[in-house]
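> Quick one, what's the 3D model for this:
(2 chains)
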Amino acid sequence: AQKVTQAQTEISVVEKEDVTLDCVYETRDTTYYLFWYKQPPSGELVFLIRRNSFDEQNEISGRYSWNFQKSTSSFNFTITASQVVDSAVYFCARGSNDYKLSFGAGTTVTVRA
Amino acid sequence: NAGVTQTPKFQVLKTGQSMTLQCAQDMNHEYMSWYRQDPGMGLRLIHYSVGAGITDQGEVPNGYNVSRSTTEDFPLRLLSAAPSQTSVYFCASSRQSSGNTIYFGEGSWLTVV
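Okay, the predicted model is just below:
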């Protein structure tokens, strides 16, 4: 199986601090897709972003930003000026053309007021 | 705006019992899949379907059965429940185009005692 590794199991920050979540993936495919999902305490999975392997542009959406580096097989996620509502488990995932996702183990982010 | 609907949300089973987790989507998505989420392991693919009448195994298919008689529905059957099947189950769907966003249901919490 082509693994997705999220090395950080848990991260705890104080509100307004920035937090970066690491994601490293393995792939043998030329074309693949990378995802980030948020799982708040209520349990549902919330889609955050999809990135195609042929598009290495970084992306910013409000307080969220993503850094895709193909050379190091990494797709890191940064939350700027964190808020308590950002407390959740965040999953990185990789998919190929057959739509089967491989997930990392998740990083639990706790933002303290 | 139902999206992906899973039932039941919570279920307790005795070892050896059988049950069906229901999944329905109203977005006319061709692809549907089932994942299970276990602590420290992220989500793992159980079974998936690329269209009505077509199913295939994922990473952890043993003990589960699926069928896809309609585009909308993709039930997951536990044939003889075991404590190792205690988990959170997520159904997902997506369009048949490369790299489309995969939408998840709200999850079904299953405990086998």
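> going forward, measure contacts and count neighbours with C-alpha atoms only.
Noted.
> Mean pLDDT per element in chain A, and the minimum belongs to which helix or strand?
Sorting the helices and strands of chain A by mean pLDDT, DSSP states H and E puts strand A:59-61 at the bottom, at a mean of 85.
> any idea how far the residue nearest to residue A:23 when sequence neighbours are not counted is from residue A:110?
Nearest non-adjacent residue to residue A:23, counting by C-alpha to C-alpha, 6 or more residues apart in numbering or on different chains: residue A:6, 4.9 Å away. Using C-alpha to C-alpha, to the nearest Å, one obtains 16 Å as the distance from residue A:6 to residue A:110.
> Contacts only, for the residue in chain A positioned nearest to chain B.
Here chain A gets closest to chain B at one residue, residue A:105, 3.9 Å apart by C-alpha to the nearest C-alpha. The contact partners of residue A:105, by C-alpha atoms under 8 Å, 6 or more residues apart in numbering or on different chains, come to A:5, A:6, A:9, A:91, B:40, B:41, B:42, B:43.
> Quick check: the third one touching residue A:107?
Yes - at 4.8 Å, residue A:9 counts as touching residue A:107 under the criterion of C-alpha atoms under 8 Å.
> what residues does the helix or strand harbouring residue A:65 touch?
Using DSSP states H and E, residue A:65 maps to strand A:64-69. Under the criterion C-alpha under 8 Å, 6+ apart, residues A:56, A:57, A:58, A:59, A:60, A:74, A:75, A:76, A:77, A:78, A:79, A:80 lie in contact with strand A:64-69.
> Take the residues you listed and keep only those in strands.
Residues of the contacts of strand A:64-69 located in strands (DSSP state E): A:59, A:60, A:74, A:75, A:76, A:77, A:78, A:79.
> For burial, what's the neighbour tally of residue 100?
Assuming you mean chain A. The number of residues packed near residue A:100 is 21, by other C-alpha atoms under 10 Å in any protein chain shown.
> let's do chain B instead
Residue B:100: 16 neighbours (other C-alpha under 10 Å).
> Leaving out sequence neighbours, find the closest residue to it.
Per C-alpha to C-alpha, 6+ apart, closest to residue B:100 is residue B:94, 6.4 Å.
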